[in-house]
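Enquirer: sequence first, then the predicted structure, then my questions.
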2 protein chains.
Amino acid sequence: MYVNGRICDAGTAGISPFDTGFLLGYGVFETMRACAGRVFRLGRHLERLRAGCRLLGIEPVPEFAELRSAVEATLRANGLREARLRCTVTAGVETVPGAGPSAVHPTVVVAAWPVPKLVSAHSPWTAGTSARPVFSRDPLLSVKTTSRVGHVLARRQARAAGYDEALLVNESGTYTEGSVTNLFVLRAGVLLTPPVTDGLLPGLARELVLELAAGRGLKVQERSIAVRDLSCAEEAFLTNAVLGVVPLVAVDGRPVAGGLPGPVTVSLGRAFAAAVAAECAPVPPTPPEPDMVDNIRG
Amino acid sequence: MYVNGRICDAGTAGISPFDTGFLLGYGVFETMRACAGRVFRLGRHLERLRAGCRLLGIEPVPEFAELRSAVEATLRANGLREARLRCTVTAGVETVPGAGPSAVHPTVVVAAWPVPKLVSAHSPWTAGTSARPVFSRDPLLSVKTTSRVGHVLARRQARAAGYDEALLVNESGTYTEGSVTNLFVLRAGVLLTPPVTDGLLPGLARELVLELAAGRGLKVQERSIAVRDLSCAEEAFLTNAVLGVVPLVAVDGRPVAGGLPGPVTVSLGRAFAAAVAAECAPVPPTPPEPDMVDNIRG
């Protein structure tokens, strides 16, 4: 893994117990997918990470090039082609509480885990609705901060009840997102996903699915998803940068869309895997420039 | 400092970069005051810490005796008599994301910092109102989790605007607490502090002030504090386990209660310092039991 400028062994790597990430959840992170040895939309992930730093006042914001090298070096050091990567940036070490940002330099950590190849047909998931509503007016919900205890607890409670994922609702009672996924519902032929203003983190997998759906002529709408939208859905699925498109077949023990992955879900899952594979395909060696060829020939 | 069972040097101590506290803000902590070499209401702090662990599903909940030894050993190792102590417990290390609690054992960290003696007359503070409302229906607001980025940001923004502290408001627009303090207002002769149901962390300093005020025959009421209550207050102050009673003399640039610490604030500040000193006073050596004396005499 990568910790503050160098690749080191995961077993011996250490973070200061005075890191503001550890003490106060004062950090941001990105979870990324590598396919065929390349990170899918690494640039977009890192721009989002840097935007999060700016929003939280984590300074100086790590350079794009530094973060890119860190992620790529971690992937290489692990010899992984298919991987889940996580890059975490915290506000750094503050040995005296409240000493303020002058004493602080961001902490950058990257870790990688092997994952199975992205398949076009992900096994379906069930979900349970979290009892603890989020507050749509909390702007931090749209930032991937390391202060995630609410989402972690929601998922733990869902898992303890036998579900794969937790679905969160906001104060108005509409669905916002899963604990580690975004939510899509096909209703009356329109693909719906809640808008960011409902209180959620718009993931890059959500972004890709919106692109793919629009590209296939599907009607797409960012709109609040009520309980009724889900219970009457033709199809429903979840998205995650590492897992892709995950069919959602039951919520709170009641089947959604007949309890089976629907054709639009399956088709988008296939398109998602294909898009990731295509963008991560090895770049063909650039043919030499004509005049270079001439020079060589000459 | 103390890390997972042993006292070590703060400069070399390390936390795993896979600690769920670092990755997800999945932990709880307590900030405590030591006076004359003893921790004020250590038992109450540790019970609250353990209750937080149970609420978050951090298991096994560290034993009371283990936590007490850890805090006392850290205080001794630092040779401190007046100190700020922090005990953090996280859900531990999870090297494979989502591997679940079976692979996990809590992380326990204690650190100590020297602080000035608790004085009866703390220098007054100013505060700025945070623009980001909290959601009173969030039960995690009453738990001291390490997912604190919202409070940290509120305080940073207040500091950047030249204030000492941030005051948080909830979705109804009433004041709930400071970023590291609880809020009290004297209005029409009644001492008011917001109830926990408004969305706040009820600190142990708040608890002590409620005891002291009741003991002096002051009328005390847990009631929502509207903007008007603060602007029309006879007095206002903040409480914090380490700092005690801090007069609040201005909010958003407008003076509160004439801009000077009031007599009730000063009197409660004095009583607070005295109560801490009395409870932390060295225990007089127990006189030998009468029959032991007889035995010795015999």
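Expert: Noted; the coordinates are in hand.
Enquirer: for B:E211, see how far away the closest residue to chain B within the stretch 151-298 of chain A is.
Expert: Closest residue of the stretch 151-298 of chain A to chain B, C-beta to the nearest C-beta: A:V152 (5.2 Å). All C-beta atoms are positioned from the backbone trio N, CA, C, and that covers glycine. Look at A:V152 and B:E211: by C-beta to C-beta, to the nearest Å, they are 35 Å apart.
Enquirer: counting neighbours, go ahead and name the busier of the two.
Expert: A:V152 (22 against 13; other C-beta atoms under 10 Å in any protein chain shown).
Enquirer: and the host helix or strand of the more buried one, what's buried?
Expert: If you go by DSSP states H and E, A:V152 is part of helix A:149-160. For helix A:149-160, a neighbour-count test (16 or more other C-beta atoms under 10 Å in any protein chain shown) marks A:V149, A:G150, A:H151, A:V152, A:L153, A:A154, A:R155, A:R156, A:Q157, A:A158, A:R159 as buried.
Enquirer: and stretch A:91-98, by the same measure?
Expert: Neighbour-count burial for stretch A:91-98 [16+ other C-beta under 10 Å]: A:A91, A:G92, A:V93, A:E94, A:P97.
Enquirer: save those residues as TSV, and put in secondary structure and distance to chain B too.
Expert: Listed next are these as TSV, based on DSSP: H, G, I helix; E, B strand; the rest coil; distance: C-beta to the nearest C-beta, whole Å:
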residue	secondary structure	distance to chain B
A:A91	coil	8
A:G92	coil	12
A:V93	strand	11
A:E94	coil	10
A:P97	coil	7
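Enquirer: can you convert those residues into CSV and add a column each for pLDDT?
Expert: As requested, the buried residues of stretch A:91-98 are arranged in CSV below (pLDDT from 0 to 100):
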residue, pLDDT
A:A91, 95
A:G92, 94
A:V93, 92
A:E94, 85
A:P97, 73
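Enquirer: residues near the nearest residue to A:A257 once chain neighbours are set aside, how many?
Expert: Nearest non-adjacent residue to A:A257, counting by C-beta to C-beta, 6 or more residues apart in numbering or on different chains: A:E235, 4.9 Å away. A:E235 is flanked by 23 other residues according to other C-beta under 10 Å.
Enquirer: just the one 5 residues further on next, same as before
Expert: Residue neighbour count, defined by other C-beta under 10 Å, stands at 21 for A:N240.
Enquirer: thought it was touching A:R206?
Expert: No - with contact defined as C-beta atoms under 8 Å, A:N240 does not count as touching A:R206 (9.2 Å).
Enquirer: for A:F22, which three-state class applies?
Expert: Classification of A:F22 using DSSP: H, G, I helix; E, B strand; the rest coil returns helix.
Enquirer: just give me the neighbour total for the closest residue to it other than its chain neighbours.
Expert: The spatial neighbour of A:F22 that comes closest, neighbours along the chain excluded (C-beta to C-beta, 6+ apart), is B:F22 at 4.6 Å. Around B:F22 there are 30 other residues, counting by other C-beta under 10 Å.
Enquirer: residue ranges in the stretch 51-200 of chain A under the pLDDT threshold?
Expert: Residue ranges of the stretch 51-200 of chain A with pLDDT under 70: A:98-103.
Enquirer: now the helices for it?
Expert: Using DSSP state H, counting those that start in this stretch, the helices of the stretch 51-200 of chain A run over A:64-77, A:149-160.
Enquirer: how about the ones you listed in a markdown table, adding distance to A:V39?
Expert: Output for the helices of the stretch 51-200 of chain A, formatted as a markdown table (distance: least, C-beta to C-beta, whole Å):
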| stretch | distance to A:V39 |
| --- | --- |
| helix A:64-77 | 6 |
| helix A:149-160 | 23 |
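Enquirer: quick one: which of the ones you listed is nearest B:V3?
Expert: Among these, the nearest to B:V3 by C-beta to C-beta is helix A:149-160 (21.3 Å).
Enquirer: run through the residues that contact the residue nearest to A:S224 when sequence neighbours are not counted.
Expert: With sequence-adjacent residues excluded and distances taken as C-beta to C-beta, 6+ apart, A:S224 is closest to A:T174, at 4.3 Å. With contact set as C-beta atoms under 8 Å, 6 or more residues apart in numbering or on different chains, A:T174 has these partners: A:P194, A:D198, A:S224, A:I225, A:A226, A:V227.
Enquirer: interface residues of the stretch 101-250 of chain A facing chain B?
Expert: The interface of the stretch 101-250 of chain A toward chain B, taken as C-beta under 8 Å from any C-beta of the partner chain, is made up of A:101, A:109, A:111, A:113, A:132-135, A:137-140, A:145-150, A:152-153, A:156, A:159, A:171.
Enquirer: mind telling me which residue of the stretch 1-150 of chain A is nearest chain B?
Expert: For the stretch 1-150 of chain A, C-beta to the nearest C-beta, closest residue to chain B: A:G14, 2.4 Å.
Enquirer: what's that residue in contact with, if anything?
Expert: By C-beta under 8 Å, 6+ apart, the neighbours of A:G14 are A:V3, B:G14, B:I15, B:S16, B:P17.
Enquirer: ChimeraX command for the buried members of those residues?
Expert: Those of those that count as buried under 16+ other C-beta under 10 Å are selected in ChimeraX with:
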select /A:3 /B:15,16,17
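Enquirer: with distance to A:P62 added, can I get the contacts of A:G14 in CSV?
Expert: Shown next, in CSV, are those (distance: C-beta to C-beta, whole Å):
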residue, distance to A:P62
A:V3, 13
B:G14, 21
B:I15, 20
B:S16, 22
B:P17, 16
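Enquirer: and chain A, what are its domains?
Expert: The record, using automatic domain parsing to delimit domains, assigns chain A the ranges A:2-114, A:125-280.
Enquirer: among those, which comes closest to B:P247?
Expert: Nearest of those (C-beta to C-beta): domain A:2-114, 18.8 Å.
Enquirer: first to last residue in the closest one, what's the distance?
Expert: 16 Å (C-alpha to C-alpha, to the nearest Å).
Enquirer: what's the offset of that domain from the middle of its chain?
Expert: 15 Å (C-alpha atoms, centre = their mean, to the nearest Å).
Enquirer: next one: stretch A:198-210
Expert: Centre to centre, stretch against its chain (C-alpha atoms, centre = their mean), the figure for stretch A:198-210 is 8 Å.
Enquirer: which of the contacts of A:G14 fall in helices?
Expert: In helices, judged by DSSP state H, none of these are found.
Enquirer: which among the contacts of A:G14 gets closest to A:F29?
Expert: Using C-beta to C-beta, the contacts of A:G14 come closest to A:F29 at B:P17, 11.6 Å.
Enquirer: re the thing from before, between the contacts of A:G14, which sits nearest A:A10?
Expert: For these, the nearest to A:A10 is B:P17 (7.6 Å; C-beta to C-beta).
Enquirer: how far away is the closest one from chain A?
Expert: Here the criterion is C-beta to the nearest C-beta, to the nearest Å. By it, B:P17 lies 5 Å from chain A.
Enquirer: quick one: that residue and A:V3 touch, right?
Expert: Yes - counting by C-beta under 8 Å, A:V3 is a contact partner of B:P17 at 6.3 Å.
Enquirer: and for these two, which residues touch both?
Expert: A:A13, A:G14, A:I15, A:V109.
Enquirer: farthest pair in those residues?
Expert: A:G14 and A:V109 (10.6 Å).
Enquirer: which neighbours do the two share?
Expert: In contact with both A:G14 and A:V109: A:V3, B:P17, using C-beta under 8 Å, 6+ apart.
Enquirer: still on that earlier bit, which residues are in contact with the residue nearest to A:F22?
Expert: Here B:F22 is in contact with A:I15, A:D19, A:G21, A:F22, A:T88, A:T90, A:T146, B:I15, B:S16, B:T90 (criterion: C-beta under 8 Å, 6+ apart).
Enquirer: do the same with A:T265
Expert: Contacts of A:T265 by C-beta under 8 Å, 6+ apart are A:L186, A:E235, A:A236, A:F237, A:V245, A:P247.
Enquirer: tell me the SS of it?
Expert: helix.
Enquirer: how close does it get to A:L186?
Expert: A:T265 is 8 Å from A:L186, by C-beta to C-beta.
Enquirer: hmm, back to that, ok, and the most crowded of the contacts of A:T174?
Expert: A:P194 (26 neighbours).
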